[in-house]
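S.K.: Sequence plus the predicted model coming up.
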Amino acid sequence: MTEPIHSTTIAGWREWVSLPGIEVPWVKAKLDTGARSSAIHAFDVEGFRRRGADWVRFKVRPWQLSEEDAVTVERPVHDRRRVRSSSGHVEERIVVMLDVVMIGHTVTAEVTLSNRDQMGFRMLIGREALRQGFVVDSARSFVGGRAPRPARRRNRGK
């Protein structure tokens, strides 16, 4: 089996990303090569059936210190997985597919829905998404630039 050819876009350990498929223009994400899948802060998660398939409805708050601009999302359920958190706790999480735009490149990521209220970032980008063309330089941040000032202020709760 041959490995796909990847570009080698350098990314920092944290980046501002966008999620165009769910109308989230900016969210600050931590890039984590130790995590297999990506994760996003989701709340009010509820499953339902649509045309015989499992779907999930959830809300996303893109700002770390603000409850403003919550977005309601409906996506097909891609998978359900047992995931071990950084604290060692194992839980079953719903997985959805989301397009993530980072440093001018769009990748499709398997994203687990979890409560990240106590975490430093609303989104975590794992190695399955990063292997689609990114190398993480742990000494750098925001290689792709910063979000506009109003987005950064909202993220700080101002």
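M.R.: Noted; the coordinates are in hand.
S.K.: Need the contact partners of the longest helix seen in the chain.
M.R.: Ranked by residue count, the top helix of the chain under DSSP state H comes out as helix 149-155. Judged by CB atoms under 8 Å, 6 or more residues apart in numbering, the contacts made with helix 149-155 from elsewhere in the structure are 16, 25-26, 28, 62-66, 68-69, 146-147. Backbone N, C-alpha and C define where each C-beta goes, glycine included.
S.K.: Would you mind listing which of those are buried?
M.R.: Buried subset of those (neighbour count, 16 or more other CB atoms under 10 Å): Trp16, Trp26, Lys28, Pro62, Trp63, Gln64, Ala147.
S.K.: Check which residues of the longest helix of the chain are buried.
M.R.: When neighbours are counted by 16+ other CB under 10 Å, the buried residues of helix 149-155 are found to be Ala151, Arg154, Asn155.
S.K.: Kindly report the same for stretch 75-89.
M.R.: If you call a residue buried by 16+ other CB under 10 Å, then stretch 75-89 has these buried ones: Arg75, Val77, His78, Val83.
S.K.: Same check on stretch 121-140?
M.R.: When neighbours are counted by 16+ other CB under 10 Å, the buried residues of stretch 121-140 are found to be 121-130, 132-134, 136.
S.K.: Any chance of those in JSON lines with secondary structure as columns?
M.R.: What follows is these, written out as JSON lines (DSSP: H, G, I helix; E, B strand; the rest coil):
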{"residue": "Phe121", "secondary structure": "coil"}
{"residue": "Arg122", "secondary structure": "coil"}
{"residue": "Met123", "secondary structure": "strand"}
{"residue": "Leu124", "secondary structure": "strand"}
{"residue": "Ile125", "secondary structure": "strand"}
{"residue": "Gly126", "secondary structure": "coil"}
{"residue": "Arg127", "secondary structure": "helix"}
{"residue": "Glu128", "secondary structure": "helix"}
{"residue": "Ala129", "secondary structure": "helix"}
{"residue": "Leu130", "secondary structure": "helix"}
{"residue": "Gln132", "secondary structure": "coil"}
{"residue": "Gly133", "secondary structure": "coil"}
{"residue": "Phe134", "secondary structure": "strand"}
{"residue": "Val136", "secondary structure": "strand"}
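S.K.: Pick out the most distant pair among these.
M.R.: Spanning the widest gap among the buried residues of stretch 121-140 are Arg122 and Gly133, at 22.8 Å by CB to CB.
S.K.: Alright, that wraps it up for me.
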